[in-house]
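A.B. asks: Show me how the following folds:
(chains A, B, C and D)
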Protein chains: 2
Amino acid sequence: MAADVTGRPGRRPGPTETRERILACARRLFAEKGYDGASLRGIAREAGVDPALVHHFFGGKQGVFVAAMRFPIDPAAVLEQVAHMPRERLGEALARVFLEVWDDPARRAPALALLRSAMTNEQAATMMRQFVSSALLGPITERYRIPPLRVQAAVGQMIGMAVLRYVLEVEPIASAPPQELAAMLAPVLQHHLDSS
Amino acid sequence: MAADVTGRPGRRPGPTETRERILACARRLFAEKGYDGASLRGIAREAGVDPALVHHFFGGKQGVFVAAMRFPIDPAAVLEQVAHMPRERLGEALARVFLEVWDDPARRAPALALLRSAMTNEQAATMMRQFVSSALLGPITERYRIPPLRVQAAVGQMIGMAVLRYVLEVEPIASAPPQELAAMLAPVLQHHLDSS
DNA sequence: AGCAGAATTCATCATGTGTTGAATTTATGT
DNA sequence: ACATAAATTCAACACATGATGAATTCTGCT
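C.D. replies: Numbering: from 1, shown residues only, chains lettered A, B, ... in the order given. As a prediction, the model looks like this:
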């Protein structure tokens, strides 16, 4: 992953993919250590680049974070799969989408980064609150007329599973096959969303 | 909360409660910012004390953390309330204990600190894994012969609720009355623990 | 009274952090 | 060919962190 062995300044020949490389490393480090734990310099080191370059491209650490976050989270596109579903299969659909996103490493990285960061960083927490509220709560709550508390209980079940499986990596849930988890998840989500 | 306005060194007259004061501040700060976010110096500042004192008492930052963690988590005593319950009321009992602990600020602090810290700090993660495994999974799994995966799904539901309610403080779940949450929680926990 | 030990502060070190401004090299548009 | 803009590194700053060793003041035991 390291690039310039040449220690001298100035632009490199050929087309430049450095920006993407930095973003990829940033996603990995933010996902591994959270916002506060990852450092600009660490990201630069991983990308084989001077820290000042990272700062120059994104205007600061926070800039790198937001740039790294808006990747494949498809805030609306994901919910599209859920939105036009008969209400009695909502649980099933949610469980499937949840596991689909979290089991794809590329889409898991930003999600993990946000989850980890939101626990200790106020700005990341605000981002996550907004995501929960406007990408999950909002649509479901108004399309299906389900009380917010119920929806949040369902969201909580998913978050907790993400914590155990992807953050703490506790066994056996960390290695369980996705279908098995979906089978456990679906009825519970459905139950939460059902009760009047 | 500040103590010595006298800036001069040496032992203070009278009996000393400084150690406890430091621990209290440590619990608060670890709960607010997590292990990596809280600093030795910040704790010392809050306690109105020199950073070196904290180091002297607990032998380092990690020492402060473990000392702050082993407070009122009663690893076994809490589960006592659950352990001798008929299996069909396990969900109810778990939900009650969960909300009881998390709604008492004194007992919530260490729990919150561990939850927040475990997301980015490997040692805290290990602590939390051990707590989940040996204080929740172990007892329930072998006393009631419930598959670990099921128990973890139930634990996940509780963790997720803690995240939404106490870390992110999303409304309306952050302000919902405990009984309402217990009423939503109990049947779901029971369901997880029921299915063969 | 005296003395070991505990409590407490001070000054300091090495390290890591985000940020900034200037310098240098290449690419691109005219 | 030339000029502007972009990419890239370097050097440095101001600051915070955890840790350490020495110095000072008090308590408690004998």
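A.B. asks: Could you check which helix or strand contains A:Ser117?
C.D. replies: Assigned by DSSP states H and E, A:Ser117 falls within helix A:105-118.
A.B. asks: Provide the backbone phi and psi angles at the residue lying closest to A:Val78 once chain neighbours are set aside.
C.D. replies: Excluding the flanking residues, the one nearest A:Val78 by CB to CB, 6 or more residues apart in numbering or on different chains is A:Val97, at 6.0 Å. From N, CA and C alone the C-beta is placed, and that goes for glycine too. Taking degrees, to the nearest 10, you get phi -60, psi -40 for the backbone angles of A:Val97.
A.B. asks: Tell me how far the top helix by length along chain A lies from the chain's centre.
C.D. replies: For chain A, the longest helix by residue count, based on DSSP state H, is helix A:18-37. Remark: helix A:18-37 is offset 12 Å from the chain centroid, using CA atoms, centre = their mean, to the nearest Å.
A.B. asks: What angle do helix A:105-118 and that helix make with each other?
C.D. replies: If you take axes from the mean of the first three to the mean of the last three CA atoms, to 10 degrees, helix A:18-37 sits at 40 degrees to helix A:105-118.
A.B. asks: counting contacts, what elements does the helix-or-strand element of chain A with minimal mean pLDDT pack onto?
C.D. replies: Least confident helix or strand, chain A: helix A:75-83 with a mean of 75, by mean pLDDT, DSSP states H and E. The contact analysis (3 or more CB pairs under 8 Å, 6 or more residues apart in numbering or on different chains; DSSP states H and E) places helix A:75-83 against helix A:90-103, helix A:138-143.
A.B. asks: and if we set it to 6 Å?
C.D. replies: helix A:90-103 (3 or more CB pairs under 6 Å, 6 or more residues apart in numbering or on different chains; DSSP states H and E).
A.B. asks: Quick check: buried residues in the helix it packs on?
C.D. replies: For helix A:90-103, the neighbour count (16 or more other CB atoms under 10 Å in any protein chain shown) marks A:90-99, A:101-102 as buried.
A.B. asks: what do you get for stretch A:40-55?
C.D. replies: By neighbour count with 16+ other CB under 10 Å, stretch A:40-55 contains the buried residues A:40, A:42-47, A:49, A:54.
A.B. asks: Keep only these that also lie close to DNA strand D.
C.D. replies: Residues of these in contact with DNA strand D (CB under 7 Å from any atom of the strand): A:Val49.
A.B. asks: Next up, phi/psi of A:Ala38, please.
C.D. replies: When read as degrees, to the nearest 10, the backbone of A:Ala38 gives phi -80, psi 150.
A.B. asks: give the contact list for it.
C.D. replies: Residues near A:Ala38 by CB atoms under 6 Å, 6 or more residues apart in numbering or on different chains: A:29-30.
A.B. asks: Likewise for A:Pro178?
C.D. replies: A:99, A:103.
A.B. asks: how much space between it and DNA strand D?
C.D. replies: For A:Pro178, the distance to DNA strand D equals 38 Å [CB to the nearest atom of the strand, to the nearest Å].
A.B. asks: That's all I had, so thanks and see you.
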